[in-house]
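Participant: Below are the sequence and a predicted model for it; my questions follow.
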Amino acid sequence: MNRIVHSGLSVLLAFGLVGAASAQTTQSEAPAGGKTETPTGAQTGTLPGGQTGAQPTGAAGAQTPTTPQPSESVSKLDSADRQFLNDAAQSGALEIEGSKLALEKSQNAQVKEFAQKMIDDHTKVSQKLAELAKSKGYEPPNEPSLMQKAKLKALSMRDEGFDEAYANEIGVDAHEDAVKLFEKSAQDVKDPEVKQFATETLPSLKMHLEAAQALQKSVVPAKKQ
C-alpha cells in the first residue's frame, strides 16, 4: 500500500515539474512588460461593430491627393473691344465675299485686279484678327452680318451696272465705314494688343479706300459720281 502511494506521488510530481517548465517557456517568449507589439506601419483603431484592429498607415494607407489641373489663362475683353473685333470681322468678310462676286461677274480688268487684291489683303487681316481674338477667349464671326448679306444678295443679282455697284458699295462705301471703325477703335479700345491691331491695320485700309476711289472714277460715269 505504501509503495502504491509513493508511486502516485512520483507521477504527480513529474507532471508538476513539466507544467512549471512550460509556463516559464511561455513567459520567456512574451515581450517584456507583457505587451503585445503592433507591427510597424499600423495603427489600432475601432473596426465596424466595435472590434479593434490594425489600420494601415504610411504610403500603403495614405490617399494620393488629386493635383488640380491648371486652367487656361484667358484674358477677358471689354465689351467695346469685343464689339470692335466683331464689326471688323464682318467688315472683312463683306469685302472678301463682294470681291469674289466681282471676279465671277465683272469683265473689267481693273475691277478684277482690285477685287483680287481685296481678297488677298482682307483674308490675311481676317486670319490675324481671328488669332488675336482666340488668344483673348473670343470667337469672332466668319461671315458678313445679315444686312451685309442682303447687300451682297442684291449685288449678285446685278448684271448691267455691276462694276459701278461694286466700286460704289464694296470699294468705296465699305472701306469708308472700315476706316471710321478702325480710327475710332485705335483710340478707344482698352486691350493693348487689340489697339495695336487696329492701329497697324488702319494704313492699309486707307490705301484700299484711295484705290477704290480711283476705281470708282474709272467705272462710274462722271455725272453719277
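Facilitator: Received it, and whenever you're ready, just let me know what you need. Just so we're clear, the structure is a prediction, and the values are computed from it rather than from any experiment.

Participant: any low-confidence regions in this protein?
Facilitator: Within the chain, the ranges that satisfy pLDDT under 70 run 1-75, 222-225.

Participant: For it, just list every one of the strands.
Facilitator: 42-46, 52-56 (DSSP state E).

Participant: any chance you could map the helices in this structure?
Facilitator: 2-29, 58-61, 79-105, 109-135, 146-156, 162-165, 174-188, 192-219 (DSSP state H).

Participant: Near Ala109, how many other residues are there?
Facilitator: 8 (other Cβ atoms under 10 Å). (C-beta placed from N, C-alpha, C; glycine too.)

Participant: hang on, I meant Ser99
Facilitator: 26.

Participant: what's the answer for Ser79, then?
Facilitator: Neighbour tally, Ser79, other Cβ under 10 Å: 8.

Participant: In contact with it: list those residues for me.
Facilitator: For Ser79, no residue meets the contact criterion (Cβ atoms under 8 Å, 6 or more residues apart in numbering).

Participant: And it, how far from Ser156?
Facilitator: 34 Å (Cβ to Cβ, to the nearest Å).

Participant: Contacts only, for the residue nearest to Val194 when sequence neighbours are not counted.
Facilitator: Among residues not flanking Val194 along the chain, Asp81 sits closest, at 5.1 Å (Cβ to Cβ, 6 or more residues apart in numbering). If you count contacts by Cβ under 8 Å, 6+ apart, Asp81 has them with Lys136, Val189, Lys190, Asp191, Val194.

Participant: what's the answer for Gln216, then?
Facilitator: Shown in contact with Gln216 (Cβ under 8 Å, 6+ apart): Ala167, Asn168, Gly171, Val172, Gln225.

Participant: Pull the number of nearby residues for Gln148.
Facilitator: Around Gln148 there are 18 other residues, counting by other Cβ under 10 Å.

Participant: Quick check, it in contact with Gln90.
Facilitator: Yes - the criterion here is Cβ atoms under 8 Å, and Gln148 meets it with Gln90 at 6.3 Å.

Participant: Give the residues shared as contacts by these two.
Facilitator: In contact with both Gln148 and Gln90: no residue, using Cβ under 8 Å, 6+ apart.

Participant: ok so, going back, now the contacts of Gln216: which count as buried?
Facilitator: Ala167, Asn168, Gly171, Val172 (16 or more other Cβ atoms under 10 Å).

Participant: dump the residue contacts of Leu132.
Facilitator: Residues in contact with Leu132 (Cβ under 8 Å, 6+ apart) are Leu85, Glu193, Val194, Phe197.

Participant: Against Ala109, how distant is the third one?
Facilitator: Think Val194. 38 Å.

Participant: Just flag the most distant two among the contacts of Gln216.
Facilitator: Gly171 and Gln225 (12.6 Å; Cβ to Cβ).

Participant: ok, and the closest non-adjacent residue to Ser119?
Facilitator: For residue 119 the amino acid is Ile, not Ser. Using Cβ to Cβ, 6+ apart, the closest residue to Ile119 is Ser99 (4.8 Å).
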